[in-house]
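**Student:** Need a 3D model of the sequence below.
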Amino acid sequence: MRPFFEGTRPGRVVRLGTAEFEVPVLYLRDESFGALFTADLGRLRMAMPSPNLHPVPHKPGRGLVYIGCYDYLDTSVGPYGEVAVAVPAVYGRRPPPVLPAIFEGRWPGFGAVILHLPVTTRLTRDGGRVYWGYAKFVADMRFQSTPEFQECRLEEGGKHILTLHVVKRGPTLPDRRPLVTYSVRDGALLRTLIPQSAIVRTALGTAGSFLELGDSHPVATSIRELGIDFRPVMTRSYLDRSAILPEGEVVEQGVRPLEGYLGAEREAGELLTTHLPVLVPPPSAPVVQPGASV
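**Tutor:** Coordinates of the predicted model:
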């Protein structure tokens, strides 16, 4: 096992019905990418489970939403896919209007409030909900990766939720800053510090990258109601990434629920990954959808 994972085993064995897994959960290798979008700051504040969580402002009246797509190829709970819809926020103090890339991992209290976290397996859905309070449901994901771009199409029951298309641009740099998430479990706000070791390309205002939302799925509707702009202000493409998911810590009691969309009872969703080694022209960015912020 790589030095990054030293000291993580043996872990604590937890059980979910007939299934069991060890905590911390180990993510040995994944293919992941994401993009940061602006959204209505007032609506983001209303989505926070605690008044002590302050969405990061970007400019007057606008905050930020991060959508990240993760194709987990090798983990201690098996391969699966995941899509995160999260709001960069700071617990305990109001942050300045700045891109999170500038101070994440350094600004006290910074983290991502998880609004939705669909996955492709029932074990990771149940484990995430029971032990971390993550707003998970089982969905279908189709990943596509080429030398020029990465894309994920998220669906449930044949209904399109979102498609995220990210062009691979920007300098390649190591990233060992931990990820921090905020979630709610049994009325308590959890903060989970997730160590990671990664090589990432980050670009600001990347042309050619875009978000497309479905028309009728509840999750797509909830994202659209945040007043999201479909043009990203920042993108990330990970060339290599590993992570460790430990148990979270309670930072506040008596907060509002943050269950998100529950979804249908399913054993597993579809996970399809396509790698195209040849250069393929990326599709054109779609016309800004009705209701989109400009």
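
**Student:** Please count neighbours and contacts with C-alpha atoms only from this point.
**Tutor:** Noted.

**Student:** Report the contact partners of the spatially most central residue of the chain.
**Tutor:** In the chain, the residue lying closest to the centroid (C-alpha atoms, centre = their mean) is residue 84, at 2.4 Å. Residues counted as contacts of residue 84 (C-alpha atoms under 8 Å, 6 or more residues apart in numbering) are 66, 67, 68, 69, 114, 115, 116, 117, 118.

**Student:** can I get those in a markdown table with secondary structure, pLDDT and neighbour count?
**Tutor:** Output for those, formatted as a markdown table (DSSP: H, G, I helix; E, B strand; the rest coil; pLDDT from 0 to 100; neighbours: other C-alpha atoms under 10 Å):
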| residue | secondary structure | pLDDT | neighbour count |
| --- | --- | --- | --- |
| 66 | strand | 97 | 20 |
| 67 | strand | 98 | 21 |
| 68 | strand | 98 | 21 |
| 69 | strand | 98 | 28 |
| 114 | strand | 98 | 24 |
| 115 | strand | 98 | 24 |
| 116 | strand | 98 | 23 |
| 117 | coil | 98 | 24 |
| 118 | coil | 98 | 30 |
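
**Student:** which regions of the stretch 101-250 of the chain sit below the pLDDT cut-off?
**Tutor:** Applying pLDDT under 70 to the stretch 101-250 of the chain flags residues 101-106.

**Student:** Swap in 80 and give it another go.
**Tutor:** Confidence mapping of the stretch 101-250 of the chain against pLDDT under 80 gives the ranges 101-106, 205-206.

**Student:** tell me what the biggest strand by length in the chain is packed against?
**Tutor:** When the chain is parsed with DSSP state E, its longest strand is strand 25-40. With contacts defined as 3 or more C-alpha pairs under 8 Å, 6 or more residues apart in numbering; DSSP states H and E, the packing partners of strand 25-40 are strand 62-75, strand 159-167, strand 234-245.

**Student:** Tell me which of those strands sits nearest to residue 52.
**Tutor:** strand 62-75 (16.0 Å; C-alpha to C-alpha).

**Student:** Using PDB, write out every CA atom in whichever helix or strand comes after that closest one.
**Tutor:** Toward the C-terminal end, the helix or strand that comes next after strand 62-75 (DSSP states H and E) is strand 80-91. Taking C-alpha atoms only, strand 80-91 is exported to PDB below (Å, rounded to 0.1, in the frame of the first residue of the first chain):
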ATOM      1  CA  TYR A  80     -18.500   3.200  -7.900                       C
ATOM      2  CA  GLY A  81     -19.500   6.600  -9.300                       C
ATOM      3  CA  GLU A  82     -20.400   9.700  -7.500                       C
ATOM      4  CA  VAL A  83     -21.500  13.300  -8.300                       C
ATOM      5  CA  ALA A  84     -21.300  16.100  -5.700                       C
ATOM      6  CA  VAL A  85     -23.400  19.200  -5.700                       C
ATOM      7  CA  ALA A  86     -21.800  21.400  -3.000                       C
ATOM      8  CA  VAL A  87     -21.700  25.000  -1.800                       C
ATOM      9  CA  PRO A  88     -18.300  26.300  -0.800                       C
ATOM     10  CA  ALA A  89     -18.900  27.900   2.700                       C
ATOM     11  CA  VAL A  90     -17.100  29.000   5.900                       C
ATOM     12  CA  TYR A  91     -18.300  28.000   9.300                       C
END
